[in-house]
Structures are given as C-alpha cells and as structure tokens.
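Q: Model the structure of this input:
(one chain, ligands or ions: 1)
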Amino acid sequence: MFKINDNYLKLPGSYLFSMIGKKVNEFSKANPDKKIIRLGIGDVTQPLAPAIIDSLHKAVDEMAHAETFHGYAPDLGYEFLRSAIVKQDYQARGAHVELDEIFISDGAKGDSGNIQEIFSENNRIAVCDPVYPVYVDSNVMAGRTGTYDPKTETWSDVIYMPCTEENNFVPQLPEETPDLIYLCFPNNPTGSAVTKEQLQVWVDYANKVGAVIIYDAAYEAYISEENIPHTIYECEGARTCAIELRSFSKKAGFTGTRLGFTVVPKDLKCGDVMLNTLWARRHGTKYNGAPYIVQRAGEAVYTPEGDAQLKKQIAYYMNNAKVIMNGLKDAGYSVSGGVNAPYIWLKTPDSMTSWEFFDYLLEKANVVGTPGSGFGPSGEGYFRLTAFGSYENTLEAIERIKNM
Ligand SMILES: Cc1ncc(COP(=O)(O)O)c(C=O)c1O
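A: This next block holds a predicted model:
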C-alpha cells in the first residue's frame, strides 16, 4: 500500500486568500450595487511594456520557421539573458556574479519553495515574522519544521524573527543559531527595506555561524532611496553565504508571463561541495527551462527602451503608494513601507484585530486589503494595502477611507 508524504497533512489550510475571497463574495452578493476596490492581492495591473511585447512578437515569429525555431532551452537559461543580467543587475552595481552562477527559471515562487531541497533535512530555518508564506510551507512539506501549534500559529523547529514597529520591521539577529536564513528586502508584506550596513551585519553573521542566507529580492526594482542595496552581493563576503532570488513579476509585469532567476555563487560551499553544483543538478533534473519567447521578452527588460518604459511603470505604481501613504497619514493612520516597495503596512486603529479591520474596511469603504495576521503572528494588528491598482481606483479608495 502506498504512503503519502504526511508532512502535507501538517500544513494548516491556506486560509488567508480563500477567506478574503469568501468574505468579498458574500459582501458583493449582499450589496450588488457597491463598487468594491481591491488593494489586497499583490498582482500587477499594467500591461506589458511595448518593448517587451515587440520582443515577444519577434520571438513568436521565429518559432514559426525551422531555421529560427527553438526547442528545449539550455539548462541554465539562454546566454543572451544571463549576460544582460550579469552586466546590468550585478556588474553595474559593483557586484561580482558570473554567467554560470545564474539559473533562469519561471519565477521566484518556485525557486523560493524548491531551494530548500539541496539542504539537509536537519537544517534549522529562520524566517521573519510576518513572512511570505512559501518559505515556511515548503520547509513543512520537507519535514523540517517540527510540530505546529495552532494557538501561537508557529512551528516548534522554526526560528521566528519578529518584525515590528519597535525594530522598524527589520529583524534582529536571532538568539538561536539557524542554518538557513530567509530574508526578503524590500519586504513583502511590510514594505520595509534594509540599508547596506544593516544587510552587511547579516552577511557577517551568516559567514560567522556558517549559515546560508536565502535572499529574496523580488521587489528590488522598487527601491527609490540611496544606500538600499539592490542585491545582497553588494555586501562584502556575500558570495560565501548567500543565494539570491529574483523575479520579473513585479519588476516588469511578468506575473502571468513567468520569468525569474536564482544566483548561486561558486564560492558558496559546504566543505568541498559547491551549492552551485547541487542546484545545477537539481535544475537540470527537475526543470526544462523558461520558454524561449519569454526569455527573449526578459532580454527586452534590459534594453534602453525597455528600461525607460519599466521605470515609468514602476513610477506609476509608486505614485499610487504615495497617494496611499499620504492619504492614510492625513487620516491619522500609522503607516510604513511604500517608499522602496509597493506595499503599505498600516497599524489597525483602535486596537482592532487585522480581521476586524478587514471587515470594517470592506463594510464602510468597500475596499479590500490583506489582514497582516495572515502573514504570521507578529502581523496581528496590521494590514497590507498594495500600490498595484489603477491610479483612479487607488485615489477613490483612499478618499473613501478618509471619509469612513
Ligand atoms: C517575496 C516574494 N517572493 C516571490 C514572489 C513570487 O514571485 P514570482 O511571481 O516570480 O513567482 C512573490 C510574489 O508575490 C513575493 O512576494
């Protein structure tokens, strides 16, 4: 008789977005005349930039002729894309990353969930609290997290690093020593960012204790302030302790087109074993590559036209972020994020729980956001709004919130 991987049974239900969907459906059924504005889910709304569309069209036409047709992509991804990444994402920022340290993928969700496979089951993970749920859930599936306590909503073998108002939503070094440290900056859900000096502390710590940092830089393109690192490899010593995850989803609107990459430096070793070799083996065995046409679309991101168009797109979203931040501040809310990230993290008023505020906002302003408690216990009492809506809807939503 077959047996299942019963680690899956330990996973608490993915309550957050299904609960939001259920509550919004019930509300709109009961109030069919109300226009609901959704500033909850972190999906983009602007169309792909013209340079990207041109590149996609060209690549599609190439696929129509035997002479220019492309089948399976090379294991690591096409060199035209990897070399654009090396030059513009890394060399241009003074960071050392080589061509064969980049692994093109279909996005950061898969990579952030899969990367744990190359590590022993006995590794102890540390995560920020609140956190993007994939890091924890993928380790639950692998049997690395111990037992779940529904009361505290925590796992016995996970080291939680609270990110709260007191520490400006940037975690302190943990008291217990982890083996794998998941960091995401600019952060989802809090919208916080770290300075280069702050990130250097983590790199030094990881090198000292022999831990690996899994650095999710999916929102790097939203950084607007100086001295906020765009890549962890801007820090000295990161090549011996850090893996970096990148995504084209929020940088270039590829949430439905799918493209990302992971960097595993060859200097990152366990004894004599390079993690680069393990990830190459895993990638080559279990993955057959992002489509040629999508990799060509990704290449367009690095052209001068693509770059200029995307800067405008990001400015559009970040203007929404400003509208939300300023509007909420005027209305007396305590808000953070929204400067180097498309997420605004607000403290719920009058000690409401995150879900109480969700209901209140839906009822009074017909606006949907995301309860902070859905990202971890330290998210309780907070609420996430995203800048990914249209300008008009964002403006209207904020006016409604001001008038609640
Ligand atoms: C922190 C973080 N990492 C990764 C992802 C997933 O990115 P992708 O669309 O490239 O899979 C998201 C998506 O919301 C995210 O917030």
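
Q: Could I get the contacting residues of residue 355?
A: Shown in contact with residue 355 (C-beta atoms under 8 Å, 6 or more residues apart in numbering): 371, 373. Placement of C-beta: from N, CA and C, glycine included.

Q: Residue 196 against residue 234, yeah?
A: Yes - taking C-beta atoms under 8 Å as the definition, residue 196 is a contact partner of residue 234 at 6.0 Å.

Q: Would you list the phi and psi of residue 127?
A: With angles defined as degrees, to the nearest 10, residue 127 sits at phi -130, psi 160.

Q: Residue 221 - that's part of a strand, no?
A: No - secondary structure of residue 221 (DSSP: H, G, I helix; E, B strand; the rest coil): helix, not part of a strand.

Q: Would you mind listing what in the stretch 151-300 of the chain touches the ligand?
A: Residues of the stretch 151-300 of the chain found near the ligand (C-beta under 6 Å from any ligand atom) are 184, 188, 216, 218, 247, 249, 255, 260.

Q: just these now: which is nearest residue 17?
A: Of all these, the one with the least separation from residue 17 (C-beta to C-beta) is residue 188, at 13.7 Å.

Q: Following the chain onward from the helix or strand harbouring residue 308, which element is next?
A: In this structure, residue 308 sits in helix 304-330 according to DSSP states H and E. For helix 304-330, the following helix or strand on the C-terminal side (DSSP H and E) is strand 335-337.

Q: I'd like to know how far the closest residue to the ligand within the stretch 301-404 of the chain sits from residue 185.
A: Ranking the residues of the stretch 301-404 of the chain by distance to the ligand (C-beta to the nearest ligand atom) places residue 343 first, at 8.7 Å. Look at residue 343 and residue 185: by C-beta to C-beta, to the nearest Å, they are 12 Å apart.

Q: and what of residue 118?
A: When C-beta to C-beta is the yardstick, residue 118 and residue 185 sit 23 Å from each other.

Q: Mind checking which of the residues of the stretch 151-300 of the chain next to the ligand are in strands?
A: If you go by DSSP state E, these have 184, 216, 247, 260 in strands.

Q: Let's see the pLDDT reported for the last one.
A: Taken from the predicted model, the pLDDT recorded for residue 260 is 98.

Q: Tell me, how many residues neighbour it?
A: Applying other C-beta atoms under 10 Å, we find 24 residues neighbouring residue 260.

Q: Equivalent analysis for the second one, please.
A: Burial of residue 216, expressed as a neighbour count using other C-beta under 10 Å, amounts to 27.

Q: Does it touch residue 242 like I think?
A: No - Residue 216 lies out of contact with residue 242 (C-beta under 8 Å); the separation is 11.0 Å.

Q: what residues are up against residue 205?
A: Counting by C-beta under 8 Å, 6+ apart, residue 205 touches 173, 211.

Q: Same check on residue 359?
A: The neighbourhood of residue 359, defined by C-beta under 8 Å, 6+ apart, consists of residue 23.

Q: State the helix or strand in which it lies.
A: Once you assign secondary structure using DSSP H and E, residue 359 falls within helix 354-365.

Q: other SSEs contacting the helix or strand that comes right after that helix?
A: Toward the C-terminal end, the helix or strand that comes next after helix 354-365 (DSSP H and E) is strand 367-368. In terms of contacts (3 or more C-beta pairs under 8 Å, 6 or more residues apart in numbering; DSSP states H and E), strand 367-368 is packed against strand 37-38, helix 354-365, helix 391-402.

Q: I'd like the distance from the first one to the chain centre, please.
A: Taking C-alpha atoms, centre = their mean, to the nearest Å, one finds the center of strand 37-38 at 21 Å from the center of the full chain.

Q: Tell me the strands beside that strand, with direction?
A: strand 367-368 (parallel) (DSSP bridges).

Q: what residues does the strand it pairs with touch?
A: Residues from elsewhere that reach strand 367-368, judged by C-beta under 8 Å, 6+ apart: 20, 24, 36-40, 358, 361-362, 397, 400-401.
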